[in-house]
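[1] Sharing a model prediction with you, sequence too.
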Amino acid sequence: MQQPSTPRALVAPPGWPREVRPPDAPDWERSAHNWLLDLCPPEFRSYPALRRHVVVLARFAVLHVEASQLAVRRGLSEARADLRDVATVDVVEAALETWQAEDARLLGLRRAVGLVEEALRGRRFVARL
């Protein structure tokens, strides 16, 4: 005799964006699509392929965030040399702190975008005890 299937719990893993409903929740893909569009450059809204295919938009978003991470790391590595002739030491230090804060923010964002992309590609997450 076959056991009745238990409905699967909707699970969002650590790092999942608050703005996106868990995978398989009603309208979760629409919430993912809206969130991804919000974090990408405004021009992305004008491309039909990105408006119609959320998984393609997710791939673009991952690459956009990764490019931002590279820019921040470059800013961190070049800030002292680039700014020393135009700013005081205090201003340069403040710039470095800003780069570091942005680096930390982007690290979390990259995880979130990656999780959403994985879910859009069919991965489902299981609750851990």
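    Noted; the coordinates are in hand.
[2] quick one: the helix ranked longest in the chain to chain centroid distance?
    If you go by DSSP state H, the chain has its longest helix at helix 89-120. From the chain centre to the centre of helix 89-120 is a distance of 10 Å (Cα atoms, centre = their mean, to the nearest Å).
[3] Which positions within that helix qualify as buried?
    Neighbour counts over helix 89-120 (16 or more other Cβ atoms under 10 Å) mark 92, 95, 99, 102, 106, 109-117, 119-120 as buried. For every residue, glycine as well, the C-beta is placed using N, CA and C.
[4] Contacts only, for Leu37.
    44-45, 50, 57 (Cβ atoms under 8 Å, 6 or more residues apart in numbering).
[5] Quick check: pLDDT value at it.
    If you check Leu37, the pLDDT there is 98.
[6] Dump the strand or helix carrying it to CSV, keeping only the CA atoms.
    Assigned by DSSP states H and E, Leu37 belongs to helix 28-39. Provided in CSV are the C-alpha atoms of helix 28-39 (Å, rounded to 0.1, in the frame of the first residue of the first chain):
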residue,chain,number,x,y,z
TRP,A,28,7.8,32.9,-5.6
GLU,A,29,9.2,33.2,-9.2
ARG,A,30,7.6,36.6,-9.6
SER,A,31,9.0,37.8,-6.3
ALA,A,32,12.5,36.6,-7.5
HIS,A,33,12.1,38.3,-10.8
ASN,A,34,11.1,41.6,-9.2
TRP,A,35,14.0,41.4,-6.7
LEU,A,36,16.5,40.5,-9.4
LEU,A,37,15.4,43.4,-11.6
ASP,A,38,15.7,45.8,-8.6
LEU,A,39,19.3,44.9,-8.0
